[in-house]
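> sequence unknown, structure follows:
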């Protein structure tokens, strides 16, 4: 799809419908956030394009739903192979369009490969799981269980992990036998278009996979409310997630939501300080803090607080902020001007609320172009401030001391969100006890934010509705049918 000149400001078709690339009408600019240069323009779609894509998917569904798990697995593995063959290109597209350092882009591409491979295995296993017998209390009846694809689904993915969140939704949807209409983010369409080109070459029948680039207003709203869809799976902000759910409710379609987080990292009194600082830095500054899983609230036991804060501040000041394509860069720019301005506004509000900024929170003096921001560390943050309670989606850490395990747990759980959490400490019994008490869908103990396709992704409270990854991600795109007959 994308030629070798994809980084030139050319016009690219932003619609893949019924097996054909098509151009839309409105042009969206894909910007390099490190240089503020337009990489390409994407001809995007509208409500009419969404309807055409949904109709194509509905036409393809009857045949695709009847394919075997082995047939679907073959396609999923072909996608994984295609991604592996274009790994370097996808890494550079990701870095250029989203601002990720190449090292982080490599992790993302490998995650995409692993996800398609994993769901290929689950698809194959479906063939042996269908029509399982169900034991009933009466010998006069026999029953069997079927797991069937839920239908045509709409997938809406964000800009912070392009291709990754797409794989997390698309791979299980295809494995289940669903047909798909995908809306990528208008901020980072280039790696998504390249992934779509790989999918188009994978052997999928036409209409099974469709893509419509565009804005949330023009495409996302139309997709969420389309009566021809059985389900919407959305990852993004809570505000937009509410709108998606409201639109979906009009036709009573299924909804999965992966939304925000304001996660805590708890450093217990016996923690290894070097490890704790590394985990806090990684949890707050990876991907320039643009993660729903960012552990942006750091809670530190009183005996370690002063030394931890000193070391963390030094660590933050040493982070190499620069062009994501340059060697040595540890943190790239924020993904867009809008996100840069939003994070800067949060920092300003935090300072006005009385929080103490220890370092960072400003543009590096040597970077006059690009959406660059030095990692920020705050302390003395009021518990009722937006800086402490709201998702910032930038490289901003808030550090607070605690005096007891009970207090740490209470502070961590005092949030509208419950996506992830981290615990650092040497006492295995204590770390397990704290992990069990935290209201979060995933807790890491003495570990970086490693994510595996086999483990569930999602959280408590306002962070999620449903789960992705693992067998739970596959089940999200299946309907359960029982067949009972008289014998």
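On my side now, so go ahead. What you see is a predicted model; the values in this text were computed from it and never measured.

> Sketch out the low-pLDDT regions of this protein for me.
For the chain, applying pLDDT under 70 flags the ranges 1-8.

> and with 50 instead?
Low-confidence segments of the chain, defined by pLDDT under 50, are located at 1-7.

> residues contacting residue 183?
For residue 183, the contacting residues are 154, 155, 156, 157, 211, 212, 213, 214, 219, 220, 223, by Cβ atoms under 8 Å, 6 or more residues apart in numbering. For glycine as for every other residue, the C-beta is placed from the backbone atoms N, C-alpha and C.

> Run the chain-centre distance for stretch 286-303.
Put simply, stretch 286-303 sits 17 Å off its chain's centre (Cα atoms, centre = their mean, to the nearest Å).

> my guess is residue 178 contacts residue 151, does it?
Yes - in this structure, residue 178 is within contact of residue 151 by Cβ atoms under 8 Å, at 6.5 Å.

> who has more neighbours, those two?
residue 178 (25 against 21; other Cβ atoms under 10 Å).

> Could you count how many residues lie near the residue lying closest to the more buried one once chain neighbours are set aside?
Using Cβ to Cβ, 6 or more residues apart in numbering and skipping the chain neighbours, the partner closest in space to residue 178 is residue 149 (4.6 Å). For residue 149, the count of nearby residues is 23 (other Cβ under 10 Å).

> contacting residues around residue 149?
61, 64, 65, 176, 177, 178, 477, 478, 479.

> run the last query once more with 6 Å
Going by Cβ atoms under 6 Å, 6 or more residues apart in numbering, residue 149 touches 65, 176, 177, 178.

> Which ones among those lie within helices?
Members of the contacts of residue 149 lying in helices (criterion: DSSP state H): 65, 176.

> related to what we said a few turns ago, separation between the residue nearest to residue 178 and residue 230?
9 Å (Cβ to Cβ, to the nearest Å).

> now swap in residue 100 and tell me
Distance from residue 100 to residue 230, by Cβ to Cβ: 33 Å.

> now residue 407
From residue 407 to residue 230 the distance is 46 Å (Cβ to Cβ).

> Could you list the domains of this protein?
10-259+464-486, 264-452 (automatic domain parsing).

> can you put those in JSON lines and add distance to residue 458?
Below are the domains of the chain laid out as JSON lines (distance: least, Cβ to Cβ, whole Å):
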{"stretch": "domain 10-259+464-486", "distance to residue 458": "4"}
{"stretch": "domain 264-452", "distance to residue 458": "5"}
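
> before we move on, the earlier item: partners of the residue nearest to residue 178 in the sheet?
For residue 149, the beta-bridge assignment (DSSP bridges) gives partners residue 478.

> What segments of the stretch 251-400 of the chain are strands?
254-258, 264-267, 297-301, 356-359, 376-379, 396-402 (DSSP state E, counting those that start in this stretch).

> which SSE is residue 113 in?
helix 102-129 (DSSP states H and E).

> Likewise for residue 191?
Using DSSP H and E, residue 191 falls in helix 189-200.

> what's the answer for residue 92, then?
helix 87-98.

> hmm, back to that, looking at the strands of the stretch 251-400 of the chain, spot the one closest to residue 315.
Closest to residue 315 of the strands of the stretch 251-400 of the chain is strand 376-379 (Cβ to Cβ; 8.9 Å).

> by contact count, what packs against the closest one?
With contacts defined as 3 or more Cβ pairs under 6 Å, 6 or more residues apart in numbering; DSSP states H and E, the packing partners of strand 376-379 are strand 356-359, strand 396-402.

> More neighbours: residue 100 and residue 230, which one.
residue 100 (31 against 19).

> you'd agree that one is in a helix?
No - applying DSSP: H, G, I helix; E, B strand; the rest coil, one finds residue 100 to be coil, outside a helix.

> Which phi and psi values does it adopt?
Main-chain dihedrals, residue 100, degrees, to the nearest 10: phi -70, psi 140.

> For it, which residues are in contact?
94, 324, 332.

> wait, the last one sits on residue 99?
Yes - look at residue 332 against residue 99 with Cβ atoms under 6 Å: they come within range, at 4.0 Å.

> Let me see the ranges of the helices in the stretch 251-400 of the chain.
Using DSSP state H, counting those that start in this stretch, the helices of the stretch 251-400 of the chain run over 273-285, 305-318, 337-352, 386-389.

> Nothing else from me, thank you.
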